[in-house]
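Undergrad: Pasted the sequence and its predicted model underneath.
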Amino acid sequence: MCGIIGYIGNKEAMPILLQGLRRLEYRGYDSAGIAILNDQETRDKIQIQRIRAVGKIDALADKLKNKDKEMKGTIGIAHTRWATHGGVTEENAHPHFACDGKLIIAHNGIIENYRQLKEHLGAKHSFKSETDTEVLAHLIESHYDGDLRRAVEKALMHTRGTYGLVVMHADHPDKIVAARLGSPLVVGIGDGEYYVASDAAPLLAYTKKVAFLNDGEIAEISRSGFETFNLRDESVTKCVEEIEWNEEKAQKQGYDDFMLKEIFDQPVVYEDAIRGRIDLEEGTAHLGGLDMSDAEMRSVNRIILIACGTALHAAMAGKYAFERLSGIPTEVDVASEFRYRDPIIDNKTLVFAISQSGETFDTLAALREAKRKGAFTRGIVNVIGSTIARETDGGTYIHAGPELAVASTKAYTNMVAILLLYAVQFGRLRHMTVATGQRLVRALMEIPEKMQVILKKSEEIKKLAGKYSGYHDFLFLARGINFPVASEGSLKLKEISYIHSEAYPAGEMKHGVNALLSPEFPVLAIMTKNQLYEKMRSNIEEVRARKSKVILLASEGDAEAQSLADDIIYVPQTMELLEPLLNTIPLQLFAYHMAVILGKDVDRPRNLAKSVTVE
Ligand code: F6R
């Protein structure tokens, strides 16, 4: 996720763009840049000036001080970056020029086939950054013959992936071209002036009139209006809407809280996590950042997953996948315990440090300990360039985009996705057949659609949360691959609604926890159709016999489950190892709605921080 803003009108563009970037900073904040087309009559040659800076928008603002003359102009584009391809450097910051210094682009999204495109463009183009976006700039340039919009359209026909982009060209001082596929863009309509941005937040200070671009649409924006086309160059009529959101609501894209927005982001960011990493033909995954030869991967005889909190629950799900798919013994370690327990590690051990922030102190310390003892160390991290990402010998970014709510949701899903891809990749280098690999990757590709089915149940789950909001204790019960899901559901409920809850593997109940069962202690049980279905069924019968209320998570079509439940949430079926990708979402929604009903500050729960950088 990055933030884009463009302006064309009759005012100085620079202050508008800078202000816009501040409103968009929540979407990405590792570097930023502004480009202004200097269209003043006093200049004999129209040209584009660009200034970029690593760090927050303040760093860019510092560089722009006293640059009013240089950056003079009434048309410009700007970008705040959340890195995906290429490190956090000024060279990689947007906007990016093509070769001739006339065409410039800012982009949000991932161009999957940028390597092939770069190869195809060949030595005629010289690249200054490591980004997929710069390749797109050169690709558009290669199609340019005087018509900027057509050049963008033609170039986009050759890309695979997602984009929200804005393009300017020095030969067109009266035009910004914007295009969208998968990454939102909205056009703001003023009086003789137009804006284009990743969301409405930066536009609200100037206008409430907007037109949202749909996927596959291109807009040509000038001072006198804007026209919209599809990629076949056919004109598309847009309706102009009046939005009533305030800035905060616009940043949350209309959702009441960042947590809810991030829960609903999951189908899209999940696709970002798997995009370009799946090989359907070979039934495998390719996670380039692993940076291990096939021989090294085959030499691994033990995997250790270290993490804290929600990342730990993702790791627990990953253990099942690694052991079942690759046959490699896999341990999960609470990072804060790992470093103090003399872990047995050698140069055949692969240690993954899993962390959304990449800064969690205990995870970092555990990683350093593993490195000291000679393990291969790899990161599974969200924040690009974070300490864990830098200190591991390689690894994979989960591409969940900035996660702003303290309670982690979309990062968890993407961590599980990456662990599954690794497990498939390791499995295929060992005994897994191509057919099994293909079944798995196909099932992974079907997940976003199934996530959408669950998200549509948000209102139903809200009613359920209302019904149970008077209880003070909850038990989350599951077996096998769903035990990590139950643990995550329980953590979510605790941390944002402050209700006491526990997660237990259902087989352990008889060894103590049954004593707690009573009508005052509702049980949320996961009984989806997998190999432990019958076992789970018996456990739920036991719970019912002790008069606890049962909320059941069951597979769509399981009519029998009704008889075991006081309330039931149906979820689509998937392959057993993939269940955490789906089954966690209703539990996130349950916790969210519960916290809202109880009047809690969902995004900023008491006593908790987003990034725990102390021991
Ligand atoms: C729970 C939550 C925390 C984090 C934990 C690790 O919703 O957000 O439990 O998962 O603090 O943080 P990262 O993943 O940044 O290492």
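TA: Okay, I see it.
Undergrad: Could you use CA atoms for every contact and neighbour count after this?
TA: Noted.
Undergrad: Relative to the whole chain's centre, how far out is stretch 73-89?
TA: How far stretch 73-89 lies from its chain's middle: 18 Å, per CA atoms, centre = their mean, to the nearest Å.
Undergrad: list the buried ones in that stretch?
TA: 73-85, 87-89 (16 or more other CA atoms under 10 Å).
Undergrad: mind listing what the most centrally placed residue in the chain touches?
TA: Centroid-nearest residue in the chain: residue 400, 1.7 Å away (criterion: CA atoms, centre = their mean). By CA atoms under 8 Å, 6 or more residues apart in numbering, the residues touching residue 400 are 1, 269, 270, 272, 273, 382, 410, 411, 414.
Undergrad: quick check, nearest of these to residue 603?
TA: Residue 603 lies nearest to residue 410 out of the contacts of residue 400, by CA to CA, at 13.8 Å.
Undergrad: how much space between the closest one and residue 401?
TA: 9 Å (CA to CA, to the nearest Å).
Undergrad: now do residue 185
TA: 16 Å.
Undergrad: and if you look at residue 394?
TA: 20 Å.
Undergrad: of the two, who's got more company?
TA: residue 401 (25 against 20; other CA atoms under 10 Å).
Undergrad: Which residue is the nearest non-sequential neighbour of that one?
TA: Excluding the flanking residues, the one nearest residue 401 by CA to CA, 6 or more residues apart in numbering is residue 1, at 4.9 Å.
Undergrad: How about the residues of the protein by the ligand?
TA: 308-311, 355-358, 360, 406-408, 611-612 (CA under 6 Å from any ligand atom).
Undergrad: the helices in the stretch 451-600 of the chain, which residues?
TA: 458-467, 483-497, 533-545, 579-597 (DSSP state H, counting those that start in this stretch).
Undergrad: now do the stretch 51-200 of the chain
TA: Using DSSP H, counting those that start in this stretch, helices in the stretch 51-200 of the chain cover 57-64, 114-121, 132-143, 148-157.
Undergrad: Please state the offset of the third one from the chain centre?
TA: Here the centre of helix 132-143 is set off from its chain's centre by 25 Å, with CA atoms, centre = their mean.
Undergrad: Then the last one?
TA: Here the centre of helix 148-157 is set off from its chain's centre by 27 Å, with CA atoms, centre = their mean.
Undergrad: Give the other helices and strands that it contacts.
TA: Applying 3 or more CA pairs under 8 Å, 6 or more residues apart in numbering; DSSP states H and E, one finds that helix 148-157 makes contact with helix 132-143, strand 176-181, strand 217-222.
Undergrad: if you set the cut-off to 6 Å instead, what comes out?
TA: If you count contacts as 3 or more CA pairs under 6 Å, 6 or more residues apart in numbering; DSSP states H and E, helix 148-157 packs onto helix 132-143.
Undergrad: List of residues touching the helix it packs on?
TA: 96, 98, 111, 114, 118, 151, 152, 155 (CA atoms under 6 Å, 6 or more residues apart in numbering).
Undergrad: Which pLDDT value goes with the nearest residue to the fourth one once chain neighbours are set aside?
TA: Translated: residue 114. Spatial nearest neighbour of residue 114, excluding adjacent residues (CA to CA, 6+ apart): residue 132 at 5.4 Å. pLDDT, residue 132: 91.
Undergrad: which is the next helix or strand following the lowest-mean-pLDDT helix or strand in the chain?
TA: When each helix and strand of the chain is scored by mean pLDDT, DSSP states H and E, helix 247-251 comes last, with a mean of 82. Per DSSP states H and E, the first helix or strand lying C-terminal to helix 247-251 is helix 258-274.
Undergrad: what's that next one packed up against?
TA: Helix 258-274 packs on helix 410-428, going by 3+ CA pairs under 6 Å, 6+ apart.
Undergrad: tell me the average confidence for the helix it packs on?
TA: When pLDDT is averaged along helix 410-428, the result is 98.
Undergrad: And stretch 306-315, by the same measure?
TA: 98.
Undergrad: same deal with stretch 161-178?
TA: pLDDT averaged over stretch 161-178 gives 95.
Undergrad: what comes into contact with it?
TA: Stretch 161-178 is contacted by residues 47, 102-112, 179-184, 218-222 when judged by CA under 6 Å, 6+ apart.
Undergrad: any idea how far the ligand is from the closest residue to residue 144 other than its chain neighbours?
TA: If the residues on either side of it in the chain are set aside, residue 144 comes closest to residue 151, at 4.8 Å by CA to CA, 6+ apart. Remark: distance between residue 151 and the ligand (CA to the nearest ligand atom, to the nearest Å) = 42 Å.
Undergrad: List the contacts of residue 151.
TA: 140, 143, 144.
Undergrad: again, only this time at 10 Å
TA: The contact partners of residue 151, by CA atoms under 10 Å, 6 or more residues apart in numbering, come to 139, 140, 141, 142, 143, 144, 145.
Undergrad: Run a quick neighbour tally on residue 192.
TA: Residue 192: 13 neighbours (other CA under 10 Å).
Undergrad: Distance check, the residue nearest to it when sequence neighbours are not counted against residue 32.
TA: Using CA to CA, 6+ apart and skipping the chain neighbours, the partner closest in space to residue 192 is residue 223 (5.5 Å). Here residue 223 is placed at a distance of 25 Å from residue 32 (CA to CA).
Undergrad: On the pLDDT front, check residue 401 for me.
TA: 87.
Undergrad: Then residue 29?
TA: pLDDT at residue 29 comes out at 76.
Undergrad: That one against residue 385, yeah?
TA: No - contact criterion CA atoms under 10 Å: residue 29 and residue 385 do not qualify, at 11.8 Å.
Undergrad: ok, now which ones touch the residue of the stretch 151-300 of the chain found nearest the ligand?
TA: Across the stretch 151-300 of the chain, no residue is closer to the ligand than residue 259, which sits at 10.1 Å (CA to the nearest ligand atom). Residue 259 sits next to 252, 265, 403-410, 588-589, 592, 602-604 when contact means CA under 10 Å, 6+ apart.
Undergrad: Likewise for residue 87?
TA: 30, 93, 129, 130, 131, 384, 385.
Undergrad: I'd say the second one and residue 33 touch.
TA: Spelled out, that is residue 93. Yes - taking contacts as CA under 10 Å, residue 93 lies within contact range of residue 33: 6.5 Å.
Undergrad: Tell me how many other residues crowd the nearest residue to residue 200 once chain neighbours are set aside.
TA: Nearest residue to residue 200, sequence neighbours excluded (CA to CA, 6+ apart): residue 250, at 5.6 Å. Per other CA under 10 Å, the neighbour tally for residue 250 reads 20.
Undergrad: Am I right that residue 210 falls within a helix?
TA: No - Residue 210 is assigned strand when assessed by DSSP: H, G, I helix; E, B strand; the rest coil, not a helix.
Undergrad: all helices of the stretch 201-350 of the chain, in order?
TA: Under the criterion DSSP H, counting those that start in this stretch, helices of the stretch 201-350 of the chain are mapped to 247-251, 258-274, 294-299, 309-326, 335-338.
Undergrad: so which of those comes closest to residue 287?
TA: Comparing the helices of the stretch 201-350 of the chain by CA to CA, helix 258-274 comes nearest, at 9.5 Å.
Undergrad: Alpha carbons of the closest one, as CSV, please.
TA: Included here for helix 258-274 are C-alpha records, laid out as CSV according to Å, rounded to 0.1, in the frame of the first residue of the first chain:
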residue,chain,number,x,y,z
PHE,A,258,-8.7,0.6,11.0
MET,A,259,-9.1,-2.8,12.5
LEU,A,260,-12.4,-3.4,10.6
LYS,A,261,-10.8,-2.0,7.4
GLU,A,262,-7.8,-4.3,7.8
ILE,A,263,-10.1,-7.3,8.4
PHE,A,264,-11.8,-6.4,5.1
ASP,A,265,-8.5,-5.8,3.4
GLN,A,266,-7.6,-9.5,3.7
PRO,A,267,-8.7,-10.9,0.3
VAL,A,268,-6.8,-8.2,-1.5
VAL,A,269,-3.6,-8.2,0.5
TYR,A,270,-3.6,-12.0,0.6
GLU,A,271,-3.4,-11.8,-3.2
ASP,A,272,-0.5,-9.5,-2.9
ALA,A,273,1.3,-12.1,-0.7
ILE,A,274,0.9,-15.0,-3.2
